[in-house]
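Coordinates for the following, if possible.
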Amino acid sequence: MTDASIPVPRAAPCPPDPSFTEKLAFLRARLQPETEIETHAAHLFLTANRVWKIKRPVALAGFDHRTLAAREHACREELRLNRELAGPRVYLGLEALCFGPEGLRLVREDVDETIPGLSAIDWLVRMRRLPEAAMLDLRIEAGRIPASTKIDAIARVLAPFYRQRQRAPVAAESYLRHLRHEARVNRSHLREMRIHLKSRDLDALTRAQLTSIDAIAPEIVQRAAARMVIEGHGDLRPEHVCLTTPPVIFDRVETSSAARIVDIGDELGYLGLECELLGAPALGPALERAMEGYGFPRLSRHVHAALGGFRCLTRARLCLDHLRDPVPRRPEHWPVQAERYLALARRMLGEAGD
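This next block holds a predicted model:
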């Protein structure tokens, strides 16, 4: 479906500037996808066995993709970071959306040469499409709770990835700085969007998350000294886990290195919380036990609860931030989802303060 023999352009005359809508229309006609997925930051085209992702030219919290150079960098970072975990068989490469004498065309990146008259005007990440039936979130929602052997298989993928990342551990100060910054953003955004919520204890919840982060700081320092604070996945949720053999863990955060700074126990706990919200509360503890067998000690009860409450408030904030869009998609969905996260945050922060 692409011009594999044509090398990626490195220099070109001034190209036209088609709108993002026009680019999508060309890609839709060229790729003939079975389905499309639109997110805040990207647009995806899914065929029978491939996925193409183009970055939206937007500026959101933590990144700015309004320039071609920024979008190319983001695509290259997504490819690099996810190949470290999902591998090159899933993250296949980059393609350039180009303009030339014959108009728009899609070109695979293969060699570093320049084609006269052909100019890159955008970039896409090309991936292998994973089977929907094996996606962890969809399996849980369908009531097909994975067996312990599947949980062990996830641990076998994560353990060597985390060990590799432990070779370059992150200082506790960097992690705590990120947690405190995000906690303040949570407080500000949730208070601004409180009109969309039934909950009336946002002040108390958002203060509690800040207090709990300060309270667990000494243990975080100890865990960082034990190389448990690393640059991890950054958004480890069930929809980013595919239970193939072996499992594939994908969609690692490329927009912010700070977002990838995590305690390993924090990241595992976050996945467990998301599984619990979908109806599988036992999966998180099972994965934590499996990872403990590989030498990754679990968080203490108070640290687990404090970080869990923080993660839930962050997810509630991100849900409501969808309503800031000029034309929000599914506006009725986000307040309901935010309330679910707030309810879990309430429980977790209560446990953290016990």
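
I'd say Ile145 and Ala280 touch.
Yes - contact criterion CB atoms under 8 Å: Ile145 and Ala280 qualify, at 5.3 Å. C-beta coordinates here come from the backbone N, C-alpha and C atoms, glycine included.

out of the two, which sits in the more crowded spot?
Using other CB atoms under 10 Å, the more surrounded residue of Ile145 and Ala280 is Ala280, with 22 against 15.

burial measure for Leu320, as a count.
The tally of other residues near Leu320 (other CB under 10 Å) stands at 22.

Next one: Leu278 from Asp235, what distance?
Distance, Leu278 to Asp235, using CB to CB, to the nearest Å: 16 Å.

hang on, I meant Asp152
Asp152 is 23 Å from Asp235, by CB to CB.

Now do the same contact list for Gly295.
Gly295 makes contact with Ala159, according to CB atoms under 8 Å, 6 or more residues apart in numbering.

Name the helix or strand for Val51, please.
strand 50-55 (DSSP states H and E).

Contacts made by that strand with the rest, please.
1, 23-24, 27, 31, 33, 41-45, 65, 71, 74-75, 78, 92, 95, 97, 122-129.

likewise stretch 278-294?
137, 140-141, 143, 145-146, 148, 151-152, 154-155, 158-159, 238, 264-265, 268-269, 271-273, 275-276, 298.

Among the residues you listed, which lie within helices?
Among these, the members found in helices (DSSP state H) are 137, 140-141, 148, 151-152, 154-155, 158-159, 264-265, 268-269, 271-273, 275-276.

Give me the buried entries from those residues.
Burial by neighbour count, judged by 16 or more other CB atoms under 10 Å, picks out 137, 140, 151, 154-155, 158-159, 264-265, 268-269, 271-273, 275-276 from the ones in helices among the contacts of stretch 278-294.

Residues in contact with the longest helix along the chain: which ones?
Scanning the chain for the helix with the most residues, using DSSP H, yields helix 202-225. Residues outside helix 202-225 that contact it (CB under 8 Å, 6+ apart): 169-172, 175-176, 179-180, 183-184, 186-187, 190-191, 194, 199, 229, 263, 265, 299-300, 302-303, 305-307, 309-310, 313, 342, 345-346, 349, 352-353.

Tell me which of those residues fall in strands.
Val229, Asp263 (DSSP state E).

Which entries within the contacts of helix 202-225 meet the buried criterion?
Looks like the contacts of helix 202-225 have 169-170, 172, 175-176, 179-180, 183, 186-187, 190, 199, 229, 263, 265, 299, 302-303, 305-307, 309-310, 313, 342, 345-346, 349, 352 buried, using 16+ other CB under 10 Å.

In contact with the residue nearest to Asp251 when sequence neighbours are not counted, which residues are there?
Leaving aside its chain neighbours, Asp251 sits nearest to His240 (4.5 Å; criterion: CB to CB, 6 or more residues apart in numbering). Each residue near His240 by CB under 8 Å, 6+ apart is listed here: His233, Ile249, Phe250, Asp251.

Show me the one in the residues you listed that has more neighbours than the rest.
His233 (28 neighbours).

Show the contacting residues for that residue.
The neighbourhood of His233, defined by CB under 8 Å, 6+ apart, consists of Leu85, His240, Ile249, Arg252, Val253, Arg260, Val262, Glu267.

Mind doing that once more with 10 Å?
For His233, the contact set (CB atoms under 10 Å, 6 or more residues apart in numbering) comprises 81-82, 84-85, 158, 161-162, 165, 240-241, 249-253, 259-260, 262, 267, 270-271.

Just want the phi and psi numbers for it.
Main-chain torsions, His233, degrees, to the nearest 10: phi -80, psi -50.

what separates it from Glu141, distance-wise?
With distances taken as CB to CB, His233 is found 21 Å from Glu141.

what does Ile213 give?
For Ile213 relative to Glu141 (CB to CB), the value is 32 Å.

Same question for Phe99.
Counting by CB to CB, the gap from Phe99 to Glu141 is 42 Å.

Same question for Arg260.
27 Å.

go on, Pro247?
18 Å.

Equivalent analysis for Leu106, please.
To Glu141, Leu106 is 34 Å away according to CB to CB.

ditto for Pro160
29 Å.

In terms of helix, strand or coil, where does the most centrally placed residue in the chain fall?
Closest residue to the average C-alpha location of the chain: Asp235 at 4.0 Å, with CA atoms, centre = their mean. Under DSSP: H, G, I helix; E, B strand; the rest coil, the three-state class of Asp235 is coil.
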